[in-house]
Every structure is written in structure tokens, then in C-alpha cells.
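Trainee: Provided below for reference: sequence and predicted model.
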Amino acid sequence: MIEFFDQAGREAAFCHDGHSLYLWNGKAAAFIHDDKVYAYDGRFIGWADRGWISDESGECLLFERDAIGGPQKPKRLTKTTPGPRGTKPARGDLLPTPESRANLKTWSDRVFSDLI
């Protein structure tokens, strides 16, 4: 299981299969396709790159323990057990994505859970 943390070091999301992202409470949140992160309705959310999840402008939203590069990672807070995985909704048609890739230099002002 891959665990993702936010810029404050709080547990935020997890992934069991390398593709499906769940919020820590177990709600199906998004999926990864060709290093791009999409909401289940097909909206482009951002990028998955080197252990980071970034928003559409390339600013970092979440990181995993072994993330490479990126902004300063905070100390991870004590984590709890994630909730049971909820049912994944049907995937919508994938909407267009920006050409540019993640820059992974700064933290985003956005919150991952607000983007889904």
C-alpha cells in the first residue's frame, strides 16, 4: 500500500494497486492513468510523478514516503489506520490535459480532497 501525506504531514490518501487513489477515510477519490491523475468523472486533477501528486499547474499536493525531489517534505505525523476501501464509481470520459508536466518545486495552496 502506498500512503500519501499532505504538506502538513497528515495522512491524506492511499493506493493499493498503483492506480486507484482513496482518501484516508476509504472514499474512492481518483485514479492514475499514464502518470496523470483524474477524478472519476474524467476531470484532470494533476500529475503523479516520482512519489508526488501535483495539481494541474505542477504544484505539489501529496507525497509518499520515498518521494524524490520536490519541496521540503514535512515530518509525517502519527498515522491512523485507513478506512475500508469504498466502491469505485464508473470512470467518465477523460477530459483534455495540459501539455506541461509537474514542476514539483512548490507546494500547492489547494487541498487534494477538494479537487475530487
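Mentor: That came through, no problem.

Trainee: Tell me where the model's unsure across this structure.
Mentor: 102 (pLDDT under 70).

Trainee: Compute the number of surrounding residues for residue 2.
Mentor: 14 (other CB atoms under 10 Å). Using the backbone N, CA and C atoms, a C-beta is placed for each residue, glycine as well.

Trainee: Equivalent analysis for residue 42, please.
Mentor: Residue 42 - counted by other CB under 10 Å - has 11 other residues nearby.

Trainee: Contact partners for the spatially closest residue to it that is not a sequence neighbour?
Mentor: Of all residues not flanking residue 42 in the chain, residue 92 sits nearest, at 3.3 Å (CB to CB, 6 or more residues apart in numbering). By CB atoms under 8 Å, 6 or more residues apart in numbering, the contact list for residue 92 reads 40-43.

Trainee: contacting residues around stretch 75-86?
Mentor: So stretch 75-86 is contacted by 1, 3, 5, 8-11, 14, 16, 20, 22, 24-28, 65 (CB under 8 Å, 6+ apart).

Trainee: Go again with 7 Å.
Mentor: 5, 9-11, 14, 16, 22, 24-28 (CB atoms under 7 Å, 6 or more residues apart in numbering).

Trainee: Report the buried residues of that stretch.
Mentor: By neighbour count with 16 or more other CB atoms under 10 Å, stretch 75-86 contains the buried residues residue 82.

Trainee: And what about the closest residue to residue 40 other than its chain neighbours, helix, strand or coil?
Mentor: Of all residues not flanking residue 40 in the chain, residue 89 sits nearest, at 4.4 Å (CB to CB, 6+ apart). Put simply, residue 89 is coil when judged by DSSP: H, G, I helix; E, B strand; the rest coil.
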